[in-house]
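Asks: Here's my sequence, what's the structure:
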Amino acid sequence: MDAHTWQTPSQWIMVGLLLLFAIAHSGLASLRPWAEKRIGARLYRIVFALVSLPLATALIVYFLAHRYDGVQLWQLQGVPGLSAIVWGLSALSFLFLYPATFNLLEIAAIQKPEIHLYETGIIRITRHPQLWGQVIWCIAHTLWLGTSFTLLTSLGLIAHHCFGVWHGDRRWENRHGEAFRAIKARTSIIPFRAIWQGKQHLVWQEFLRPAYVGVAVFVALIWWLHPYFYGISTAIGAL
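Replies: Below you'll find the model as predicted:
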């Protein structure tokens, strides 16, 4: 690894991995109506997971192994309080990234997977929480690591999620028509905009859900496992 080179092979490999994941993930999402009619909703969910999860795992592992590649744009890890800020932002990001945990049995295909139209809880804040969860996660990790590799990875992830906003709205409108257009008119992509406009009102009781406890446990587990991730990524980077 050359820590002073803008164009490292690992950065282009990461771009390729991001493109591959985006094509597979969004492509399979586009095929959902067609596939569910032919193989059923449960089998489609299994196929989607068998394709998406290994690609996502490969992205995470490769990122961990090469996060310090490229140019060190800034070094702020010694700034007092920054670690707490990064951890706080990271924890917040997961609350936005994983609203799908509300339907965990559907994710595992135990129950028939459905596309749910709802405007409660975090959807009152933003119609696309996963976009902002990814943005928050990327800001936190790019701030902490400060490398060109991390910046490039973050920009790629955010670009994919921005595409996902357009792609998701398009799929929902094609499938649900006027029902989705009504929800779209009452919600906003920009966080809190619908609340400022008086179209939504926060109901704190809607956030008292077991799924958020699961996310909190997941964040605690990630915090505990972080040192092991570093060790594994170092070993992989040495290969």
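Asks: quick one: buried residues of stretch 133-150?
Replies: 133-150 (16 or more other Cβ atoms under 10 Å). Just so you know, the C-beta spots here come from the backbone N, C-alpha and C atoms, and that holds for glycine as well.
Asks: Please pull up the helix or strand immediately following the lowest-mean-pLDDT helix or strand in the chain.
Replies: Within the chain, confidence by mean pLDDT, DSSP states H and E is lowest for helix 104-107 among all helices and strands, at a mean of 48. Remark: after helix 104-107, the chain's next helix or strand is helix 129-145, criterion DSSP states H and E.
Asks: contacting residues around that following helix?
Replies: 67-68, 76-77, 82-83, 85-86, 89-90, 92-99, 122-123, 126, 150-151, 153-155, 157-158, 161-162, 164-165, 189, 191 (Cβ atoms under 8 Å, 6 or more residues apart in numbering).
Asks: Tell me which of these fall in helices.
Replies: 82-83, 85-86, 89-90, 92-97, 150-151, 153-155, 157-158, 161-162, 164-165 (DSSP state H).
Asks: Now list the buried members of the residues you listed.
Replies: By 16+ other Cβ under 10 Å, those give 86, 89-90, 92-97, 150-151, 153-154, 157-158, 161, 164 as buried.
Asks: residues contacting Thr187?
Replies: Thr187 sits next to 119, 123-124, 126-127, 194, 199-200 when contact means Cβ under 8 Å, 6+ apart.
Asks: now these in JSON lines, with neighbour count?
Replies: What follows is the contacts of Thr187, written out as JSON lines (neighbours: other Cβ atoms under 10 Å):
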{"residue": "Glu119", "neighbour count": "15"}
{"residue": "Ile123", "neighbour count": "20"}
{"residue": "Arg124", "neighbour count": "22"}
{"residue": "Thr126", "neighbour count": "22"}
{"residue": "Arg127", "neighbour count": "23"}
{"residue": "Ala194", "neighbour count": "22"}
{"residue": "Lys199", "neighbour count": "14"}
{"residue": "Gln200", "neighbour count": "19"}
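Asks: Would you format those as JSON lines with distance to Ser10 and pLDDT included?
Replies: What follows is the contacts of Thr187, written out as JSON lines (distance: Cβ to Cβ, whole Å; pLDDT from 0 to 100):
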{"residue": "Glu119", "distance to Ser10": "42", "pLDDT": "84"}
{"residue": "Ile123", "distance to Ser10": "37", "pLDDT": "89"}
{"residue": "Arg124", "distance to Ser10": "40", "pLDDT": "91"}
{"residue": "Thr126", "distance to Ser10": "33", "pLDDT": "93"}
{"residue": "Arg127", "distance to Ser10": "35", "pLDDT": "92"}
{"residue": "Ala194", "distance to Ser10": "41", "pLDDT": "95"}
{"residue": "Lys199", "distance to Ser10": "45", "pLDDT": "94"}
{"residue": "Gln200", "distance to Ser10": "43", "pLDDT": "93"}
